[in-house]
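>>> Sequence first, predicted coordinates after that:
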Amino acid sequence: MADILASYSLGAIRVFEAAARLKSFTRAADELGVTQAAVSWQVKTLEQRLGQPLFVRKVREVDLTPAGERLARAATESMGLLRAALSDLVEADQGVLAITTMQSLANHWLAARLGAFQLAHPMIAVRLEGSHVLRDLGRGEADLGLRAGNGDWPGLAAHFLMPFVQTALCSPEFLARHGPFERPADLLAAPRIGASREWEVWFRAAGVTPPQGPEAPRLEADAQSIEVASALAGQGLAVGSPIFFAAEIASGRLVQPFDIAPHYGDGYWLVYPQERRRVRKIAAFRDWILEAVAADPSIARYAAADERAD
């Protein structure tokens, strides 16, 4: 029996996959480096060859027809497998592990431990990006990521690492000037750093009615590490992770006035494309980080607290 693929242009299928995934001929053209007219022509040729429409054209975007949805699922999966195979065959790429994660997790938990991974795997170089930009792992923008969320990302394998908990933190000097704090409600009158909504979560967990009305914080940054750095400098109380800043708490550089660390989200996860789960450098990092997580007493403590709360 003749191979049905011989009757179709793989180039047209590649164009269709991009347009279906991006829901736009224009964005597909930008990604592929061709004109929008070329994308439209390739899709139209494929539709004519199949004898049925694959898209419903709208003014600024396109929607898939039932036939288009069926073909898109198969095309996206196939292109993902092909990209993974090609990437894994590129020798230069094999020695570099590209990791993407948020700044706070990179700076205050992962970076201090990466040396142990590199000692165990000296042939793997690590390229670490700490950013709020969500990289497309399916398209090879990074090999793997450490993400905050609920663990449900289509097409990605996800391994739970640690809970997303935060607590009130300050410097010993700040405590000496503004303390003592005998009960959580005392923090209402103290200078605080960070978003009001994050403090509201902490106060409610402490059984305290949060301040009513808008407040102007001393500092509100887009990264937890910046706010806690300000707290280290004695500028106020900040909400930060007792896992990320466990060393500073243990050394006395930061003080945790109350053992109250509510949940701020589902948690942090290791993620990578399902089809790349057997790639050696990804498997090596997965095994290593899961061991590192299991060995961290702060994670064990707050993960156990989560389980008791459930």
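Perfect, I can see it now. Residues are numbered from 1 along each chain as shown.
>>> ok, now which ones touch residue 126?
Residues near residue 126 by C-beta atoms under 8 Å, 6 or more residues apart in numbering: 96, 97, 99, 114, 117, 118. Just so you know, the C-beta spots here come from the backbone N, C-alpha and C atoms, and that holds for glycine as well.
>>> meant to ask about residue 100, not that
129, 131, 133, 135, 137, 141, 142, 144, 145, 146.
>>> repeat that with 10 Å
For residue 100, the contact set (C-beta atoms under 10 Å, 6 or more residues apart in numbering) comprises 106, 127-131, 133-137, 141-147, 271.
>>> so which strand or helix has it?
strand 96-101 (DSSP states H and E).
>>> Show me what the helix or strand just after that strand is packed against.
Next along the chain after strand 96-101, taking DSSP H and E as the criterion, comes helix 103-105. In terms of contacts (3 or more C-beta pairs under 10 Å, 6 or more residues apart in numbering; DSSP states H and E), helix 103-105 is packed against strand 125-130, strand 144-148, helix 224-232.
>>> what about the following helix or strand past the longest one, distance to the chain center?
Read it as helix 224-232. Per DSSP H and E, helix 224-232 leads on to strand 237-240 as the next helix or strand towards the C-terminus. Put simply, strand 237-240 sits 22 Å off its chain's centre (C-alpha atoms, centre = their mean, to the nearest Å).
>>> thinking again about what came up before, PyMOL command to pick out the buried ones of the contacts of residue 100?
Remark: buried members of the contacts of residue 100, expressed as a PyMOL selection using 16 or more other C-beta atoms under 10 Å:
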select buried, resi 106+128+129+130+135+137+142+143+144+145+146+147+271
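>>> hmm, which helix or strand of the chain has the shakiest average pLDDT?
helix 91-94 (a mean of 52; mean pLDDT, DSSP states H and E).
>>> Please list all residues in contact with the nearest residue to residue 71 once chain neighbours are set aside.
Nearest non-adjacent residue to residue 71, counting by C-beta to C-beta, 6 or more residues apart in numbering: residue 54, 6.4 Å away. Each residue near residue 54 by C-beta under 10 Å, 6+ apart is listed here: 16, 19-20, 43-44, 46-47, 62, 64-72.
>>> do you know how far residue 30 is from residue 38?
12 Å (C-beta to C-beta, to the nearest Å).
>>> How about residue 148?
From residue 148 to residue 38 the distance is 39 Å (C-beta to C-beta).
>>> What of residue 135?
Taking C-beta to C-beta, one finds residue 135 at 27 Å from residue 38.
>>> now do residue 64
20 Å.
>>> The two: which is more packed in?
Using other C-beta atoms under 10 Å as the criterion, residue 64 and residue 38 rank with residue 64 on top: 19 against 15.
>>> I'd like to know the beta-bridge partner residues of the more buried one.
residue 55 (DSSP bridges).
>>> could you list every residue that touches it?
16, 19, 20, 23, 53, 54, 55, 56, 70, 71, 72, 73.
>>> In space, what's closest to the third one - neighbours in sequence excluded?
When you say that, I think you mean residue 20. Closest to residue 20 by C-beta to C-beta, 6+ apart is residue 72, at 3.8 Å.
>>> so which helix or strand takes in that neighbour?
helix 66-89.
>>> tell me what that helix is packed against?
When contacts are defined as 3+ C-beta pairs under 10 Å, 6+ apart, helix 66-89 sits against helix 10-22, helix 36-50, strand 55-57, strand 62-64, helix 91-94, strand 268-273, helix 280-294.
>>> okay, that helix in CSV with CA atoms only?
Taking C-alpha atoms only, helix 66-89 is exported to CSV below (Å, rounded to 0.1, in the frame of the first residue of the first chain):
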residue,chain,number,x,y,z
PRO,A,66,-13.3,19.6,13.7
ALA,A,67,-11.1,18.2,10.9
GLY,A,68,-8.5,20.8,11.6
GLU,A,69,-8.5,20.0,15.3
ARG,A,70,-7.9,16.3,14.5
LEU,A,71,-5.0,17.0,12.2
ALA,A,72,-3.5,19.7,14.5
ARG,A,73,-3.2,17.3,17.4
ALA,A,74,-1.3,14.8,15.3
ALA,A,75,0.8,17.5,13.6
THR,A,76,1.8,19.2,16.8
GLU,A,77,2.7,15.9,18.5
SER,A,78,4.7,14.8,15.4
MET,A,79,6.5,18.1,15.1
GLY,A,80,7.4,18.0,18.8
LEU,A,81,8.9,14.6,18.4
LEU,A,82,10.8,15.6,15.4
ARG,A,83,12.2,18.8,17.0
ALA,A,84,13.2,16.7,20.1
ALA,A,85,15.0,14.1,17.9
LEU,A,86,16.8,16.8,15.9
SER,A,87,17.8,18.7,19.0
ASP,A,88,19.2,15.5,20.7
LEU,A,89,21.3,14.7,17.6
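>>> If anything else comes up later, I'll come back, but that's it for now.
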